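Student: Got a sequence here, can you build the structure:
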Amino acid sequence: MLGVGFPLLFGGGAGEVAGGLLGSFGPGMGFGGQILGSAIGGILDDFISSAGELGAALNPATADLDRLVDALGGASTVTGQYIKKLEALERSEEALAVATAELENLVGKQGVEALRQFGDDSTRLREVFGQAMTQMQAGVANLINSTGILQALTAGIESGVLLQQALQSQDPRQRELVQQRRQASGPAFFGADQTAYFKAEEQLIANQRIINAEKQKQYEASLKLLDTEEKQVEITKQTAKLAKELKSSYDEILKSAEDRIQKEQAAVDRGLALSKARYEAELALNQLEQTRLERAYKYAQSQRERLDIAIAMFNTEVESAKLEYQQQLESIAAEERKLEIQLEQYRLAQETILLKADEARLAAELEPDAELRAASFKRIDETTARYLDKTREIIVEVEKQLAVQREIGEVQRQTAKTQLENKILAAQTRLEQKLVSEEIGLSENQALRLSNALAAAKQEAIFTAERGQQIVGVIEVGTQKTYLMATAMSNVAAQAANAAAQIRGAVSAQNTLNAAKAGGGKSGGTVTRAAKGAYMSGGFQAFADGGIVNRPTLGLIGEGGESEYVVPASKTKGFSMRYLSGARGSAAIPTAGDGGSSSGPVNINIRTGPVMRQNGQNYVSVGDLEQALQTFADTMLRNNRTPGGRRYAGIG
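Tutor: Numbers count the residues shown, from 1 in each chain. The predicted model follows:
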């Protein structure tokens, strides 16, 4: 009955069960007949199952297009490809209709219906047979368990395996029992002890079971060690991967910092080159202007024309010296800026590394394994510390370089300033030589006062600009950046008041010069005109065109037919400021309590370039301010060289 029991117990089909049952009744077949019958029954099961699957494939509820395509000749046929293409386009119902129609062409409509019906019936049969088989399997299992066949078979096989292991074992205990068994083997009539033989076998099997259990425990312990080792290997691999990723990220951060440093420093170099080209162009223009002025001075027709040209030559010479000085300052500032860029970018890289490390720690927090999590934290901290130390060393080194560069820059600035002052002094000396020459004819004192006033105004404007020297602009074209080197913006009101004071000093010196050089009186009615400073008959000095006295003098004033002002030298500054402010008559003359100062602020209107407003203050560039003040100074000097201009300004 094994031919029936085993198929039932191990899930055989109805054909295998029936075949095993029929095989057991064949003459002389026995167990072999049962096996043969089960095999034939299995083939029948497969055929019936295949037919049932094909029938079920035709049912829309259980449709199987792959099964239908195989039945029609396979997916390599044109029909099979067409059906599969319809299925791929999610047109399964149309594909099933085509497959059904093709199957009808192959087996006829009745054949298709028969297959469909057979599929439905076989499906139901499988369901019912499966339930019956489950019941039969439970019954057979109960029967076999009650007879103890499987237990006996299992025990017998196990004993045989253990005995063979014992006979091959090199364990001293087993070798001794094997020897005893060998001695007790053989027929009883030869003196063999069958009882001792079987007892030795039983002991061999029992010992081998113990030996196997001991080995099993050893393997279990070794397996635990291997599991621990495997886990450590996995942790090492995971943390090494993490460290590699971090290292790659940190290297990229430092590389990006280096790239930005190169780009920013290149932008500074381009700005410096642009500034240098501009300075060189301006110097070339100044040289041309200086040559033109020298020729104009040579062919000038009057002292006043030569005076104007001499002052213009002085201004041009100082302007050239200023350009060279500013170029030196910008070169010094550029070198410092390059190191500052390095410092900024490496500090930024340091902060970025810390942020990346925080991201890695947050990701490690999600790891459920505590050991791997702790190892990840450790590896993150170690890798991050190495890169932070690396960037810290770079930062410290750059800070040292920057400190040294600033010290060098300070020395270079002082040297450049001294050179500028020497050049201005040389230009001032050449100006004074022209002023005291016969072509112009000033006294040494007058020439010194005028040149000092002009030089002071120039130096004040230049050194004020120096205090604000910095990079103030940037041009970006695509990804390329160029820094613009220029002087800092300057407060208009403060700088104008300061420069105006210097200009007024120069104007005062020029007025003194003009008053000293001018002469003559003015005739009108019965008054005879005389040169300025002359004595008329009767001892009176006429002042119709103005004049200056430095000792008690009996003079005649008001004879020119227009209002005249008599102002002490100590009050000329206050008088000028009041008059320019719009005051007239006695209101224009400072009182004794004013100490010669103006009773109100001077309104100065200076036209400059674009004005920037910041924090409630108006700002313009020092270059624009200097140009405006120079224009103002030139206008003041030019106006005060004529009597009409002096009268308009209320001076003299």
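
Student: average pLDDT across stretch 356-366?
Tutor: Computed over stretch 356-366, the mean pLDDT rounds to 92.

Student: Return the set of buried residues in it.
Tutor: Residues of stretch 356-366 classed as buried: 356-357, 360, 364 (neighbour count, 16 or more other Cβ atoms under 10 Å). For the C-beta atoms, the positions are set from N, CA and C on the backbone; glycine is no exception.

Student: ok, now stretch 395-408?
Tutor: In stretch 395-408, counting by 16+ other Cβ under 10 Å, buried: 395, 398, 402, 405.

Student: What helix or strand is the third one located in?
Tutor: In this assignment (DSSP states H and E), L402 forms part of helix 370-435.

Student: any chance of the buried residues of stretch 395-408 in CSV, plus distance to Q81?
Tutor: Putting the buried residues of stretch 395-408 into CSV (distance: Cβ to Cβ, whole Å) gives the following:
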residue, distance to Q81
I395, 69
V398, 71
L402, 76
Q405, 78
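
Student: would JSON lines of the residues you listed with pLDDT and distance to L103 be doable?
Tutor: As requested, these are exported to JSON lines (pLDDT from 0 to 100; distance: Cβ to Cβ, whole Å):
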{"residue": "I395", "pLDDT": "95", "distance to L103": "82"}
{"residue": "V398", "pLDDT": "94", "distance to L103": "84"}
{"residue": "L402", "pLDDT": "94", "distance to L103": "89"}
{"residue": "Q405", "pLDDT": "93", "distance to L103": "92"}
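
Student: Between these, which sits nearest K434?
Tutor: Top of the list for closeness to K434, among the buried residues of stretch 395-408 and by Cβ to Cβ, is Q405 at 42.5 Å.

Student: Residue ranges of each domain in the chain, please.
Tutor: Split into domains by automatic domain parsing, the chain comes to 2-147, 253-486, 490-520+562-649.

Student: before we move on, the earlier item: may I ask which two of the buried residues of stretch 356-366 are separated the most?
Tutor: K356 and A364 (12.8 Å).

Student: in stretch 439-456, what counts as buried?
Tutor: Neighbour-count burial for stretch 439-456 flags 439-440, 442, 446-451, 453-456 (criterion: 16+ other Cβ under 10 Å).

Student: and what of stretch 339-359?
Tutor: 339-343, 345-346, 349-350, 352-353, 356-357.

Student: returning to that earlier point: how about the buried residues of stretch 439-456 in CSV, adding distance to V107, secondary structure and pLDDT?
Tutor: Rendered in CSV, the data for the buried residues of stretch 439-456 read as follows (distance: Cβ to Cβ, whole Å; DSSP: H, G, I helix; E, B strand; the rest coil; pLDDT from 0 to 100):
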residue, distance to V107, secondary structure, pLDDT
E439, 132, coil, 88
I440, 131, coil, 90
L442, 133, coil, 89
Q446, 134, helix, 89
A447, 131, helix, 89
L448, 131, helix, 91
R449, 130, helix, 91
L450, 127, helix, 89
S451, 126, helix, 88
A453, 124, helix, 89
L454, 121, helix, 89
A455, 121, helix, 88
A456, 121, helix, 89
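
Student: Name the nearest of those residues relative to V567.
Tutor: V567 has its nearest neighbour among the buried residues of stretch 439-456 in R449, at 19.3 Å by Cβ to Cβ.

Student: Could you report the distance from the closest one to E317?
Tutor: Note on R449: its distance to E317, by Cβ to Cβ, to the nearest Å, is 19 Å.

Student: what do you get for R386?
Tutor: Computed with Cβ to Cβ, the distance linking R386 and E317 is 60 Å.

Student: what about those two, which has more around it?
Tutor: Legend: neighbour count by other Cβ atoms under 10 Å for R386 and E317, higher for E317 (21 against 13).
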